[in-house]
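Peer 1: Predicted model follows, preceded by the sequence.
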Amino acid sequence: MTSESHKNTEKKIWLPLPDPFSFEHCLDFLNRNSYESLHEVHPNKVIKLLKLEGQLYLTEIACWEKMMGLRCLNRAWTTAAEKAATQYVTMLFDLDRDLKSFYLQMSEEPLMGDLTRQFRGLRMIGFPDLFEALCWSVIGQQINLSFAYRLKQRLVTTYGSKLFWKGKHYYTFPDPQTVSGISENEFRNWQYSASKTNYLQNVAQQMVTGSLNLESLQRMPTEAAISRLLEIKGIGPWSAHYVAMKCLRRPEAFPQQDVGLHHAIKLRTGASEKPSTKQLEKLGRKWHPWQGYATFYLWHTLIVS
DNA sequence: CTCCAGGTCCATA
DNA sequence: TATGGACATGGA
């Protein structure tokens, strides 16, 4: 019996990898900031706490040849959890995407051609959880990324679900119900601005009531989904496109206002100024329908070099 | 010290 | 419809 349960705990979930796929490039992206509180990156694997079917699964994600393997460290997979975990990592690593037409379209593009070769197999790392995506877009507004990660860290380590494993705590992003109960004072003590506090409470509230949910957004065409997101106080054009890119996984979403994108373009072109709105619009038209993927690849240049 | 970070809202004209 | 200021904090 003990050997049987041990065997269950060791059972791996196997997923076929798309071609091309580079786990290494994906790990580089996941490892971009040392204040990240929602996963831990190792040389050949990433460890992440998942809440599936109401239970915590500390999951080790690794790749062999053409397969991705998921091992749960603290319990045995149930059938339902196995399915949910598969969906989760499929979204996280954008495994369903066929990148052939992206690479074909960009291969001769001055700004992108080299990147499609240098980062070949890099997938857009997504947010399977809509609430997390919205919160992160609000937190990231206007402030530098290191500070944004620290703001997130306080929220996550205080209110996320947690699991202690081999001397360390692992966390999930808190759910909307929990965040909607956090007082304004507490946010302020954590150095959240008054507006970020309001926006987060508002987003949490709308998720709790169900007026905002991933399923209905996923059913909408990209333009309609972005319009719906823009109705939310605190979600402007940048955030709406960011969420459409990283959570709804629309490759044509384009956070044109993103200063990181501007910086990356400036560095690559050697220009003395950041690109103008007109230049960005022109690039957007040229990259269509892969603006989001192009943006993601350009972001990647900022962490690798 | 000043300027700017993976922006957005609100007041004012 | 367009533009300017406020926002919290930290790094360059």
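Peer 2: Nice, I can see it.

Peer 1: Near DNA strand B, which residues of the stretch 101-250 of chain A are found?
Peer 2: A:137, A:140-145, A:147-148, A:195, A:232-240, A:242, A:246 (Cβ under 7 Å from any atom of the strand). From N, CA and C alone the C-beta is placed, and that goes for glycine too.

Peer 1: Would you verify that A:Leu70 is located in a helix?
Peer 2: No - assignment of A:Leu70 by DSSP: H, G, I helix; E, B strand; the rest coil gives strand, placing it outside any helix.

Peer 1: for chain A, longest strand please?
Peer 2: strand A:55-64 (DSSP state E).

Peer 1: for the record, mean pLDDT for that strand?
Peer 2: In this model, strand A:55-64 carries a mean pLDDT of 98.

Peer 1: Could you do stretch A:83-97 as well?
Peer 2: Averaged across stretch A:83-97, the pLDDT comes to 98.

Peer 1: list the helices and strands the longest strand of chain A packs on?
Peer 2: For strand A:55-64, the packing partners by 3 or more Cβ pairs under 8 Å, 6 or more residues apart in numbering; DSSP states H and E come out as strand A:45-52, strand A:67-72, helix A:79-92, strand A:162-165.

Peer 1: Name the residues that touch the helix or strand following the shortest one?
Peer 2: Downstream of strand A:162-165, the next assigned helix or strand under DSSP states H and E is strand A:168-171. Contacts made with strand A:168-171 from outside it, assessed by Cβ atoms under 8 Å, 6 or more residues apart in numbering, are listed as A:37-38, A:40, A:47-49, A:58, A:156-157, A:160-164.

Peer 1: repeat for stretch A:278-286
Peer 2: A:109, A:111, A:254, A:256, A:261-262, A:265, A:275, A:291, A:294.

Peer 1: Can you give me the buried ones in that stretch?
Peer 2: Neighbour-count burial for stretch A:278-286, counted by 16 or more other Cβ atoms under 10 Å, picks out A:280, A:283, A:286.

Peer 1: next one: stretch A:24-39
Peer 2: Buried residues in stretch A:24-39 (16+ other Cβ under 10 Å): A:25-32, A:37-39.

Peer 1: How is chain A divided into domains?
Peer 2: Per automatic domain parsing, the domain ranges recorded for chain A read A:2-96, A:98-121+A:251-305, A:127-248.

Peer 1: can you pull the contacts of A:Gln206?
Peer 2: Per Cβ under 8 Å, 6+ apart, neighbours of A:Gln206: A:212, A:232.

Peer 1: name the element A:Tyr297 belongs to?
Peer 2: Counting by DSSP H and E, A:Tyr297 is found in helix A:291-304.

Peer 1: so what does that helix touch, helix or strand wise?
Peer 2: helix A:23-30, helix A:113-118, helix A:237-246, helix A:259-269, helix A:277-287.

Peer 1: among those, which is nearest A:Thr301?
Peer 2: helix A:259-269 (5.2 Å; Cβ to Cβ).

Peer 1: what angle sits between that closest one and helix A:237-246?
Peer 2: 80 degrees (axes from the mean of the first three to the mean of the last three Cα atoms, to 10 degrees).

Peer 1: all helices of the stretch 101-250 of chain A, in order?
Peer 2: A:113-118, A:130-139, A:145-159, A:176-180, A:184-189, A:194-209, A:214-219, A:222-230, A:237-246 (DSSP state H, counting those that start in this stretch).

Peer 1: got a list of what the residue lying closest to A:Leu95 once chain neighbours are set aside touches?
Peer 2: Once flanking residues are discounted, A:Leu95 sits nearest to A:Pro18: 5.6 Å by Cβ to Cβ, 6 or more residues apart in numbering. Residues near A:Pro18 by Cβ under 8 Å, 6+ apart: A:95-99.
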